[in-house]
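>>> Dropping a prediction and its sequence here:
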Amino acid sequence: YHNRDGQIRGSTVSQPLDFAKNDYSIRGDLKFVASPDLTITLLGQYSNARLGGGILNVVPIERFNDLSLLVDENFRGDNHRRIWQAAGKIEWSTPIGALTAVSSYADLNDYLYSDNDFSAERFGVQLNANRIHSFTQDIRLVSDSDKPLRYIVGGFYQDRKKHFLYQSQPDLPDDSTPLFDFDTETGATRTNSRAFAVFANVSYDITSRLEGTVALRYDSDRRTFLIRNDATRPDRTDRQTFHALQPKASLSYKITPDLLTYANYSRGFRTGGFNDPRYSFQPGFYAAETSDSFEVGVKATLLDGAMTLNGAVYHITLKNDQTTRFDLVSFTIGNQNLRSVESNGVEVELNARPIRGLEINVGLGTADAIIKDFNGTTINDNNKVPYVPSYTLNTSVTYETPISDDWKALVRVAYRQNGATDWDVFNYYRTGTKGYLDGRIGVNSDHLSLAVYARNLLNTLQPVGADDFIPNVTVIRSPSVPRSYGVEARFRF
């Protein structure tokens, strides 16, 4: 259960904008051990929340990083979200491996009612409503891990239906939320998706030190997009099938029992979809995204197991990279394909446990992500890919020690730093290096934990979401949450 007033202040509305009212979730699972070889687990979860949303303001591009320009919407965004989830898992040990089958169903209703003009004027409000039903089935067979030849084979199926409704209305005098019906309201769209995949992974110990792995996966996603009863858009039905074959291969070699090197190649796939037909950047559908990744790395265990150090370099080539953009012409959000993108970087991870109870983690990743071909012309070529920090540094120090037979004390400090980030494909505006410091002190037992915490102790402020409003003139952005602190209690039963 979560209830908060919020920390983000606006210049027009007196109450904080990022509130949470009666945000709660209930989860339960029931496990049947039918036999030593067969286990059946049933899981259910329900969550309900009313949250602040649509926290945006339009600022001049030259003042993009000036967070003294507060959100000046006259209407406090109101996001109602309800999720039902149910799942069943069967685990069966067979002579040829462990068979696992997971069936799940989810039902999501998400309604966001927010300011339409992002200003203090009572010009209009907008309604963004989503209703999603999905059924997913996953089944896989995993061989014993202690054999020289190991394998995973399986399949995946998903049936997903998404209803979306957007409406723009004049401000209501009492700021109330309108009633609507997906089946009768104009402007509703529906996207149906039927996706399946089959996959196999085989690993073999070529020698006692050398291991080879090959894998293959095939995905297919059949999507149908429907528009109906809209005066500005004729009724239409569009269909597209997105599919890809994704190979993977890797070699790993143990130089010593504590030092391993590896080289990987893999192809990734991200399905496509549909934009609003009025979306001026790319009307109709956007293509599936594929990536080819190459990685070489090393993993080392040091100081008799008290420290691990991992490092890798990578190169990724993406085709039809999907980037989300706001279109002022149609006042819609859609996805645009970038024809070709390349990313190169280095990743380093360190974990150390120098004394009992003390754990130190450091992770550094760099990313030089460049648009090689934007749309077949020279426009935006060699620009930075938006939303990708030039580097990310994560560090944490955690110390836990017993204070009695039943209780332990814990202290944790974490620091995260992001390098410069561009926010648009034109590279008109960016944020510089930003750092965030969090802290936590508490005590815990098997059933109860009590803690005081502080988030963003340095009170770092920056845009955390942004897009062009009028290109090269104004930007629509969302601010970060300022420093916050509090007390937390958790009971486990």
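Arrived safely. Numbers count the residues shown, from 1 in each chain.
>>> What's opposite Ala188 in the beta bridge?
With DSSP bridges as the criterion, Ala188 is bridged to Leu165.
>>> now it: how far from Ala129?
9 Å (C-beta to C-beta, to the nearest Å). For the C-beta atoms, the positions are set from N, CA and C on the backbone; glycine is no exception.
>>> and Val413, what element?
Assigned by DSSP states H and E, Val413 belongs to strand 408-418.
>>> Of all the residues in that strand, which ones are buried?
Along strand 408-418, these residues count as buried under the neighbour rule (16 or more other C-beta atoms under 10 Å): 408, 410-418.
>>> Give the full set of residues in contact with the spatially most central residue of the chain.
The centre of the chain sits closest to Tyr387, judged by C-alpha atoms, centre = their mean, with a distance of 12.8 Å. Tyr387 makes contacts with 323, 421-423, as judged by C-beta atoms under 8 Å, 6 or more residues apart in numbering.
>>> can you rerun that using 10 Å?
323-324, 369, 421-424, 465-466 (C-beta atoms under 10 Å, 6 or more residues apart in numbering).
>>> helix, strand or coil for it?
coil (DSSP: H, G, I helix; E, B strand; the rest coil).
>>> Phi first, then psi, for it.
Torsion angles at Tyr387 (phi, psi; degrees, to the nearest 10) stand at phi 70, psi 10.
>>> begin at 132 from here
Happy to do that; since the first residue is 132 now, the last one works out to Tyr518.
>>> I'd like the distance between it and Phe206.
Look at Tyr518 and Phe206: by C-beta to C-beta, they are 27 Å apart.
>>> Gly403 against Arg370, yeah?
No: look at Gly403 against Arg370 with C-beta atoms under 10 Å: they stay out of range, at 12.0 Å.
>>> Would you map the helices across the stretch 482-624 of the chain?
Counting by DSSP state H, counting those that start in this stretch, one finds no helices in the stretch 482-624 of the chain.
>>> Can you give me the neighbour number for Ala165?
Residues near Ala165, counting by other C-beta atoms under 10 Å, number 10.
>>> Quick one: residues contacting it.
Taking C-beta under 10 Å, 6+ apart, we find Ala165 in contact with 171, 221, 223.
>>> Please identify the helix or strand for it.
Applying DSSP H and E as the criterion places Ala165 in strand 151-166.
>>> Flag every buried residue along that strand.
For strand 151-166, the neighbour count (16+ other C-beta under 10 Å) marks 151, 154 as buried.
>>> do the same with stretch 393-407
For stretch 393-407, by 16+ other C-beta under 10 Å, it's 393, 395, 397, 400-407.
>>> mean confidence for that stretch?
Stretch 393-407 carries an average pLDDT of 95.
>>> Could you work out the end-to-end span of it for me?
This stretch, stretch 393-407, spans 44 Å end to end (C-alpha to C-alpha, to the nearest Å).
>>> gap between it and the chain center?
How far stretch 393-407 lies from its chain's middle: 15 Å, per C-alpha atoms, centre = their mean, to the nearest Å.
>>> same check, this time on stretch 138-155
Centre-to-centre, stretch 138-155 and its host chain are 23 Å apart (C-alpha atoms, centre = their mean).
>>> Enumerate every residue touching the nearest residue to Glu619 once chain neighbours are set aside.
Spatial nearest neighbour of Glu619, excluding adjacent residues (C-beta to C-beta, 6 or more residues apart in numbering): Ala582 at 5.0 Å. Each residue near Ala582 by C-beta under 10 Å, 6+ apart is listed here: 541-543, 571-575, 617-621.
>>> Cool, thanks, talk later.
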